[in-house]
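>>> Fold the following, please.
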Amino acid sequence: MSRVWALFKAHPYISNVVGYTTLFASADLIQQSMLGGKHTEASKSEDSLQLFSTAGIDWPQTARVALLGFCFHANFNYHWLRGLERMLPGGGVTRITGKVVLDQLIAAPATISAFFIGLSVLEHKEDPLEDWRQKFWTSYKTGVVYWSTMQAVNFALVPPVARTVFVGGITLVWTVFLCHFRQQQGHNYSRPTSQ
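You can find the predicted model right below:
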């Protein structure tokens with residue numbers, strides 16, 4: 001275990017990218033296998049689905065989620081958390097509160113938007129903003145509760161060198177939620193229904 005920790009400390013960026021790619025792929029697989037995720041329209045239309053889909057797993061969908069984790073989320077979170085620590089170094093209630101507030105005002109909208117819009121672009125949807133318009137606000141409000149709590153724990157108790165790994169772990173749970181929520185069709189979550 002000490003060799004793994006030494007490797008992580010020596011190459012935190014590479015560890016972060018590999019870790020996020022794995023976490024995002026795992027989250028989508030958990031969503032599909034345990035929560036009964038539905039296949040997306042893009043993957044239903046792909047001829048390769050029969051070649052890659054086993055046991056009800058939509059492998060092209062998992063690949064898209066992993067690619068999004070690799071290209072955007074790993075890089076963003078690595079640099080965001082380092083920058084946040086430089087802006088507000090250390091602990092204490094005031095600094096931790098500042099970090100959580102900045103995280104919710106800047107990082108949360110950026111990462112949620114990248115998730116919904118990025119996957120829509122990778123699926124070649126006609127309107128890549130459709131999922132974002134329908135599901136952003138519900139995701140954001142849910143995320144404010146979840147992430148504010150988790151980031152307060154992160155900034156108060158986790159040493160800076162391990163923060164990206166901790167965020168990766170809680171990101172797994174969050175990404176399972178986002179993957180499952182995104183697969184819900186026919187519901188408009190962005191505004192209340194009128195009676």
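>>> and the closest residue to Asp127 other than its chain neighbours, backbone torsions?
In this structure, Asp127 finds its nearest non-sequential neighbour in Ser120, 7.7 Å apart by Cβ to Cβ, 6 or more residues apart in numbering. To be clear about C-beta, it is placed using only N, CA and C from the backbone, and glycine gets the same treatment. Its backbone dihedrals place Ser120 at phi -60, psi -40, with angles given as degrees, to the nearest 10.
>>> Against Val18, how distant is Ser120?
Note on Ser120: its distance to Val18, by Cβ to Cβ, to the nearest Å, is 25 Å.
>>> The two: which has the busier surroundings?
Ser120 (21 against 13; other Cβ atoms under 10 Å).
>>> Touching, that one and Glu126? I think so.
No: in terms of Cβ atoms under 8 Å, Ser120 does not count as a neighbour of Glu126; the distance is 9.3 Å.
>>> what ranges do the helices span in the chain?
Taking DSSP state H as the test, the helices found in the chain are 2-10, 12-34, 41-45, 49-52, 59-68, 74-87, 93-102, 108-122, 130-157, 163-183.
>>> The last one: which residues count as buried?
By neighbour count on 16 or more other Cβ atoms under 10 Å, the buried set for helix 163-183 is 163-164, 166-168, 170-172, 174-183.
>>> measure Val153 to Met1 for me?
Shown here: Val153 relative to Met1, a distance of 22 Å by Cβ to Cβ.
>>> Looking at the two, which has the bigger crowd around it?
Taking neighbours as other Cβ under 10 Å, Val153 and Met1 compare with Val153 leading, 12 against 5.
>>> And the pLDDT at the residue nearest to Asp127?
At Ser120 the predicted local confidence, pLDDT, stands at 97.
>>> For this structure, name the helix or strand with the lowest mean pLDDT.
When the helices and strands of the chain are scored by mean pLDDT, DSSP states H and E, helix 49-52 comes last with a mean of 46.
>>> what's Thr94 in contact with, if anything?
With contacts defined as Cβ atoms under 8 Å, 6 or more residues apart in numbering, Thr94 is in contact with no residue.
>>> And it, how far from Val153?
Between Thr94 and Val153 the computed distance is 17 Å (Cβ to Cβ).
>>> Quick one: low-confidence residue ranges for this protein.
Within the chain, the segments meeting pLDDT under 70 span 36-55, 186-195.
>>> Centroid-nearest residue for it?
Using Cα atoms, centre = their mean, the residue of the chain that lies closest to the mean C-alpha position is Thr175, 4.5 Å off.
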